[in-house]
Every structure is written in structure tokens, then in C-alpha cells.
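Novice: Quick one: sequence plus predicted model below, questions after.
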Amino acid sequence: MQTFVTDVLSIGAGLAGERVAIEAAGAGFDSICLSIVPARRSHSSAAQGGMQAALGNCVMGEGDSPDVHFLDTVKGSDWGCDQEVARLFCDNAPIAMRQMAHWGVPWNRVVGGKSFYYKGGERFEKFEKPENEGLITARNFGGTAKWRTCYTSDGTGHTVLYTMDNRAAELGVTVHDKVEVVSLIHDGHECMGAIARCLRTGELRAYLAKATLVASGGFGRIYRESTNAVINDGGAHAAVLDTGVVPLGNMEAIQFHPTGIVPTYILVTEGCRGDGGTLLDVNEERFMNTYEPDKAELASRDVVSRWMMHHIREGKGVKSAYGEHLWLDIRHLGEEHIRVKLREVDDICQNFLGIDPVESLIPVKPVQHYSMGGVRTDKDGKAYGLEGLFAAGEAACWDMHGFNRLGGNSLAETVVAGMVVGAKVVEYLKGREATWTTGAMRDAAAQVEDRISRLSSGADGDENVYAVRDAMQDALQDGVHIFRTGEGLENAVERLREVQQRAARIGLKSGGHGPNPELGLALKLPGMVRLAQCIAYGALQRTESRGSHAREDYPARNDRDWLSRTLATWPDSGADVPTLRYEAATQVMEIPPGDRGYGGGSIISMDSTKD
């Protein structure tokens with residue numbers, strides 16, 4: 001087994017992982033990033049719409065500030081975020097955006113003079129100050145008081161990731177691609193690196209590191225319908241949960257994006273609605289302006305998704321062979337705007353739907369998109385439970401998003417958290433000697449080798465790994481979706497108990513040797529099922545509605561009893577549900593809980609008394 005030694009090991013080579021590695025490399029430390037795919041194919045490249053930062057350069061962003069951004073973020077989270085972290089993010093976002101420009105990101109810029117924009121399908125005129133020409137501009141996004149989403153047409157993730165990867169190469173960051181982490185190396189107190197599997201050869205590798213970072217992105221592929229790439233299956237999160245001591249935070253907080261295209265569920269950016277696109281029903285009539293007169297299509301994603309599903313329930317959905325959907329209309333934006341500023345949306349529609357969005361409506365429905373939950377960290381990015389373990393980006397519950405994130409905040413979080421957490425990793429490494437033991441490495445490798453041997457020999461059973469995965473996805477899709485009920489969640493928890501038992505009896509149909517995708521899934525799947533159970537069981541226990549967590553049997557947001565963050569661990573590998581505990585959502589409360597200004601719903605206040 002090959003062994004690699006480094007100062008910083010990043011599990012993930014997307015924006016967050018490479019940004020932390022860049023910070024460490026710039027301070028003179030060795031950094032290795034592991035990636036299932038080539039770094040420039042990390043899922044960060046799929047992000048379209050943009051990054052939020054209060055620059056205030058364009059006319060529709062005048063008067064913006066980190067304070068306004070902070071208020072939007074706290075409201076967007078439905079008061080579920082850590083306000084200290086949200087403040088840290090909003091204050092540093094403008095710095096990070098300008099730094100990315102300095103590194104080479106070709107941000108769209110202010111063009112002085114008269115121009116036009118659309119809102120609710122209507123055309124309006126605006127005038128950009130000539131003296132601001134050439135400054136970074138912004139577009140409108142949901143849940144914001146000002147236009148502050150910096151963008152590069154609708155390929156923001158692509159351009160920022162390529163720029164980041166160039167910077168990483170310049171500073172000597174090493175990327176090992178086609179490598180997948182299977183387990184962490186730890187002694188119950190300290191993380192010392194990871195055991196990974198080479199996807200080219202099937203051989204195991206050991207990576208020893210003074211600091212280990214989880215930056216693997218989301219885990220949306222545990223749902224059947226998701227905008228996430230196939231690599232976002234939660235393998236790294238499963239490895240973290242398997243430690244038994246590191247908690248995952250707010251796993252029940254799952255975001256559904258309003259505009260996944262039907263039937264492929266590929267995302268079309270919120271920038272379509274930010275630029276003036278509208279949602280239409282079976283009669284080709286707008287409806288969001290009825291439900292949300294102020295924000296309309298640009299209410300927060302949890303609110304828009306719920307109203308869309310409500311409208312379908314009311315009989316206003318468009319029937320198709322793939323289920324009911326609604327329409328997204330961007331035709332009125334015009335050919336030039338669509339071909340230039342929404343060119344990836346144009347390509348997606350042309351290549352995956354066979355339609356031209358200049359002339360045709362786009363079939364959309366809410367689809368699993370983002371995970372607010374993840375590896376629980378403090379404000380410095382240090383994971384709870386294991387010394388030397390950090391997390392950043394979507395993989396982490398840093399927790400600036402609470403129970404709903406605003407569009408544009410997560411892509412910005414990758415570089416802001418990467419900058420902030422990277423600096424803390426450097427502080428951690430300074431003067432630190434390696435303390436790992438070869439015994440912990442050998443034990444971790446031996447456990448993985450034993451699992452491979454048992455799977456290959458069929459010693460535990462002959463359950464088909466793909467059938468078990470499908471059962472897991474069905475349980476989540478049916479019971480832990482946009483609208484949740486106690487009955488549906490109890491059913492999902494029970495179904496996942498059965499799936500977990502089946503996952504313990506998986507046997508391979510193939511030989512299990514070499515670059516074998518069946519083996520790769522079989523190694524991860526028991527942990528993926530436990531991730532799914534953390535979502536379902538956490539949602540069952542949280543008897544309120546907050547952000548993306550909408551309980552129809554508990555419709556009120558309950559600040560009296562549930563202004564808290566869920567922490568899920570799995571200390572007993574034989575248990576069928578996680579161990580849950582709770583901590584305060586925020587220790588620093590700049591903005592006391594109040595009304596979001598959109599979404600409706602009742603609130604049980606912090607000072608209300610129980611019946």
C-alpha cells in the first residue's frame with residue numbers, strides 16, 4: 001500500500017478544498033487535494049448564477065453593505081444560522097470577490113449609461129453611473145434587498161474554479177485525482193489522515209497529514225431526484241460519521257431548488273428568475289405574484305419551492321410522462337440576453353431537452369439541490385470531536401445557512417470559508433510536529449481490506465448494491481421531501497431501518513478487483529444509508545417548521561423550543577438510528593428572531609409560554 005505524507009490533506013479539490021490548500025501552500029506548507037474527478041470537473045464547476053458580496057457598484061445595489069447582506073442571510077436562514085459566522089462571512093465576502101478578480105476571474109462589469117432589466121415579466125429602465133464603469137456588477141437573486149450577486153454570465157462556478165485551479169498549480173498544490181476516500185485514520189481523539197482507494201487500479205492508499213480537511217461538497221445523490229453530480233454521494237460524510245465521535249449538524253435541513261429541469265433534474269440557475277424570468281402554470285399564467293406579492297419569484301428558495309408544490313397540488317401542474325411540472329419562462333428576456341448571459345441555460349435546454357429557450361417554455365419542478373447540514377465545525381472550521389480535522393464549503397455545517405441558504409451565498413462561501421478556515425489551518429500547523437502513529441494507519445487499512453474481502457467473497461450475503469441504493473433513495477423521496485409529516489417521517493425511518501439491514505448483507509456480483517464501481521458503491525453504501533437516517537430521524541424529532549424543514553403537522557416556527565442546531569453522531573455501529581443532541585443555533589444574536597418578510601406562517605416566540 002502506497003503511503004503519502006503531507007501537512008494538509010484536503011478531501012475534495014473544488015473551490016473550498018483548493019482555497020484552503022492555497023492558503024496553506026502560500027504559507028509554505030505541503031498540500032495534497034484528493035478528488036474523485038479531475039479538479040476542474042469538481043461539482044463547483046456546475047454552479048451557474050453567481051456569488052453574493054455587498055459591493056454596491058451597480059445602481060440596483062446602491063446602499064448595499066455587509067450589514068444589509070447580514071440581515072438578508074439571517075432572514076434567509078429563518079433564524080437558524082450561527083450569526084457570528086454569518087457576520088464573518090458577510091464582512092469578508094467583498095474582500096474575497098476582489099481577490100478572485102485579482103487572480104483572474106472575468107467578472108461581468110458595470111456598463112455606464114441607460115439599460116433595461118425585467119421584473120415579473122415587465123421591462124424597466126435603469127441608468128448606471130458612468131464613473132462606475134468597469135467595476136464588478138451584480139444581478140438580482142432571491143431573498144435579497146439589493147442586487148449583490150457577482151457573476152460571469154451563468155458560468156460563475158466554471159470560471160472561478162479554473163482560476164482557483166490555476167492559482168493552486170502556481171503555488172505547488174498537489175492534486176491526486178481519480179482517488180476516493182474510504183475512511184479516516186484516527187485514534188478516537190486525533191485525525192491523522194485518510195485511507196483512500198485509487199479508482200484507476202483499485203489499490204488502497206494511506207495519506208498521513210497534520211491537518212485533514214473535508215471539502216467534498218454535498219451528498220444530494222442519496223436522493224433519487226437531485227441536481228447534484230453523481231460524485232456527490234456522501235462518501236466522505238459517511239467516513240466522518242463512521243468515526244462515531246464527529247457530529248453532523250442540521251442534517252434534516254435539505255434545500256430543494258425551484259428550477260430543476262424535467263426529466264433530467266439538471267439545474268437551471270436562479271439567475272433566470274433574477275434576470276426577470278417568471279414561473280407559469282398549466283394555463284401559462286403567473287402565480288408567485290399571488291402567493292408572494294412583494295418577492296414573487298424571488299422569495300427564498302424554500303418558499304418558492306413550497307408554493308410551486310402547493311400550486312401543483314391545487315391542480316395547476318402540467319401533466320407529463322415524468323410527473324407534473326410547471327413552466328419557467330425567459331422568452332421575454334430576448335435572444336441576446338439568453339445567448340450571452342444565460343448561455344449555459346441555453347446549452348442545457350438545447351442539449352438535454354431539445355428546446356430553444358428563446359422560443360419555448362422550460363419544464364421545471366423543485367428538486368433536491370443543497371445540504372445546509374454537514375460536518376459540524378466551529379467558526380474556525382475545526383470539526384467537533386477530532387483534533388486535526390477541519391471542514392469547509394457545502395461539506396461543512398459552519399453554519400451560516402441555518403435552515404435555508406440564499407442563492408449565491410453558498411458559492412461565495414466556498415472561497416470565503418476557504419480563506420478564513422485556510423488561515424486557521426495555517427495557525428494550527430505552525431510549530432506543530434507530526435503525531436500520527438503507524439498503528440492507527442494499519443488498523444484503518446486493515447478494516448477496509450477486511451470489508452473488501454467480505455464483499456468480494458459474499459461472506460455477509462448477496463444483496464444487490466444497486467437495489468439497496470434504490471430503496472434508500474425511494475424512502476427519502478417519498479417521506480423526507482418538501483412537505484413532511486410525522487406519519488411520513490416515521491414510515492421513512494422504518495423503511496431506512498430495513499434498508500440498513502439489507503446494506504449489511506451486500507455481496508458483489510463482480511469479482512471486486514481493480515477499478516470496480518460496484519465495489520466503490522458497496523464500500524460507501526452502509527454509511528450513505530446512515531446519512532439518510534440522520535436526515536429522516538432528525539426531521540422526525542424536529543416538531544416545527546423552519547426554512548426548508550416544513551412539517552405540515554407542526555406548521556409554526558417554534559423559537560421557544562427549537563431555536564437549536566441538531567447534532568447527529570453514530571457511536572454504536574449496531575444502532576439503527578443516530579444519537580441526537582442539540583446546541584443553541586447561535587451564541588451571538590445581533591438580530592433577534594422575527595418575521596422574514598416573506599413565506600408567511602406563524603411563529604411561536606422565544607418568550608411565549610407553553611399551553
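Specialist: It's in. Numbers count the residues shown, from 1 in each chain.

Novice: for this structure, what are the low-confidence residue spans?
Specialist: Residues of the chain meeting the criterion pLDDT under 70: 611.

Novice: tell me, which helix in it spans the most residues?
Specialist: helix 517-541 (DSSP state H).

Novice: Give the buried residues for that one.
Specialist: For helix 517-541, the neighbour count (16 or more other CB atoms under 10 Å) marks 518-541 as buried. (Each C-beta comes from the backbone N, C-alpha and C, glycine too.)

Novice: Show me what Ser371 bridges to in the sheet.
Specialist: Bridge pairing for Ser371 (DSSP bridges) gives the partners Ile254.

Novice: and it, what does it touch?
Specialist: Residues near Ser371 by CB atoms under 8 Å, 6 or more residues apart in numbering: 218-220, 251, 253-255, 394.

Novice: mind running it again at 10 Å?
Specialist: Listed by CB atoms under 10 Å, 6 or more residues apart in numbering, the contact partners of Ser371 are 217-220, 222-223, 228, 232, 234, 237, 248, 250-251, 253-255, 394-395, 397, 401, 405, 410, 531, 535, 548.

Novice: got it, and Leu519?
Specialist: Residues counted as contacts of Leu519 (CB under 10 Å, 6+ apart) are 197, 202, 451-452, 455-456, 465, 508, 510-513.

Novice: any idea how far Leu519 is from Glu203?
Specialist: Here the criterion is CB to CB, to the nearest Å. By it, Leu519 lies 12 Å from Glu203.

Novice: residues shared between the contacts of these two?
Specialist: Jointly contacting Leu519 and Glu203 under the rule CB under 10 Å, 6+ apart are Arg197.

Novice: Just give me the neighbour total for Glu125.
Specialist: Glu125 has 8 neighbours, counted by other CB atoms under 10 Å.

Novice: likewise Ala296?
Specialist: Counted by other CB under 10 Å, the residues lying close to Ala296 total 23.

Novice: And it, how close does it get to Glu324?
Specialist: Distance from Ala296 to Glu324, by CB to CB: 21 Å.

Novice: mind checking the SS state of the spatially closest residue to Leu540 that is not a sequence neighbour?
Specialist: Using CB to CB, 6 or more residues apart in numbering and skipping the chain neighbours, the partner closest in space to Leu540 is Leu489 (4.0 Å). Per DSSP: H, G, I helix; E, B strand; the rest coil, the local secondary structure of Leu489 is helix.

Novice: can you tell me how far Leu489 sits from Thr3?
Specialist: To Thr3, Leu489 is 44 Å away according to CB to CB.

Novice: So those two - more neighbours on which side?
Specialist: Each of Leu489 and Thr3 has its neighbours counted (other CB under 10 Å); Leu489 has more, 23 against 12.

Novice: show me what contacts that one?
Specialist: With contact set as CB under 10 Å, 6+ apart, Leu489 has these partners: 252, 479-480, 535-542, 551, 553.

Novice: just Glu292 next, same as before
Specialist: 298-300, 303-304, 307, 597-600.

Novice: same thing with Ala575?
Specialist: Counting by CB under 10 Å, 6+ apart, Ala575 makes contact with 500, 530, 533.

Novice: Can you tell me the closest non-neighbouring residue to Arg40?
Specialist: Spatial nearest neighbour of Arg40, excluding adjacent residues (CB to CB, 6+ apart): Asp165 at 5.4 Å.

Novice: Got the phi and psi for the one you found?
Specialist: Asp165 adopts backbone torsions of phi -70, psi -40, taken as degrees, to the nearest 10.

Novice: pretty sure it contacts Leu171?
Specialist: No: applying CB atoms under 10 Å, one finds Asp165 not in contact with Leu171, separated by 11.1 Å.

Novice: Give the burial count for the nearest residue to Gly407 once chain neighbours are set aside, as a bare number.
Specialist: Of all residues not flanking Gly407 in the chain, Glu270 sits nearest, at 4.2 Å (CB to CB, 6+ apart). Neighbours of Glu270 under the rule other CB under 10 Å: 29.

Novice: Please apply the same query to Thr543.
Specialist: By other CB under 10 Å, neighbour count at Thr543 equals 14.

Novice: Give me the three-state assignment for it.
Specialist: On the three-state scheme (three-state DSSP), Thr543 is labelled coil.

Novice: same deal with Lys126?
Specialist: Following three-state DSSP, Lys126 is assigned to strand.

Novice: thought it was touching Val110?
Specialist: No: judged on CB under 10 Å, Lys126 makes no contact with Val110 at a distance of 11.1 Å.

Novice: neighbour-wise, which of these two wins?
Specialist: Neighbours were counted for Lys126 and for Val110 using other CB under 10 Å; Val110 has more, 22 against 13.

Novice: which residues touch that one?
Specialist: If a contact means CB under 10 Å, 6+ apart, then Val110 has 55, 57-59, 61, 128-138 as its contacts.

Novice: Now, of the residues you listed, which are buried?
Specialist: Listed as buried from the contacts of Val110 are 55, 57-59, 61, 128, 132, 135-138; burial here means 16+ other CB under 10 Å.

Novice: Tell me the one of those nearest Phe89?
Specialist: Leu55 (14.7 Å; CB to CB).

Novice: Settle this for me: the closest one is touching Tyr151, isn't it.
Specialist: No: in this structure Leu55 lies outside contact range of Tyr151 using CB under 10 Å: 11.9 Å.

Novice: Between the two, which contacts overlap?
Specialist: Contacts common to Leu55 and Tyr151, judged by CB under 10 Å, 6+ apart, are 107, 136-138.

Novice: got TSV for those, with distance to Asp7 too?
Specialist: Formatted as TSV, these follow (distance: CB to CB, whole Å):
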residue	distance to Asp7
Trp107	32
Ile136	34
Thr137	39
Ala138	37
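
Novice: Show me which of these is closest to Gln83.
Specialist: Of all those, Gln83 sits closest to Ala138, with 23.7 Å by CB to CB.

Novice: Leaving aside the residues adjacent along the chain, what's closest to that closest one?
Specialist: In space, and not counting its chain neighbours, Ala138 is closest to Trp147: 4.5 Å by CB to CB, 6+ apart.

Novice: Could you do Leu135 as well?
Specialist: Using CB to CB, 6+ apart, the closest residue to Leu135 is Asn57 (3.9 Å).

Novice: what's the answer for Asn283, then?
Specialist: Closest residue to Asn283 in three dimensions, ignoring its sequence neighbours and counting by CB to CB, 6+ apart: Lys316, at 7.2 Å.

Novice: Val345 belongs to a strand, doesn't it?
Specialist: No: applying three-state DSSP, one finds Val345 to be helix, outside a strand.

Novice: That one: what's it in contact with?
Specialist: 48-49, 153-154, 259, 261, 266-269, 271-272, 275, 277, 328, 330, 338, 357, 362.

Novice: ok, it to Ile32 distance?
Specialist: Here Val345 is placed at a distance of 36 Å from Ile32 (CB to CB).

Novice: ok, now Val318?
Specialist: Distance, Val318 to Ile32, using CB to CB: 49 Å.

Novice: what do you get for Ala21?
Specialist: Counting by CB to CB, the separation of Ala21 from Ile32 is 8 Å.

Novice: re the thing from before, wait, what's in contact with the residue nearest to Arg40?
Specialist: With contact set as CB under 10 Å, 6+ apart, Asp165 has these partners: 13-15, 18, 22, 33, 38-40, 42, 44-45, 173, 175.

Novice: could you flag which of those residues are buried?
Specialist: Among the contacts of Asp165, the ones that count as buried by 16+ other CB under 10 Å are 13-15, 18, 22, 33, 39-40, 42, 44-45, 173, 175.

Novice: hey, where'd the strands end up in the stretch 101-250 of the chain?
Specialist: Shown for the stretch 101-250 of the chain, the strands assigned by DSSP state E, counting those that start in this stretch span residues 113-119, 122-128, 149-150, 174-177, 179-186, 191-198, 204-214, 248-249.
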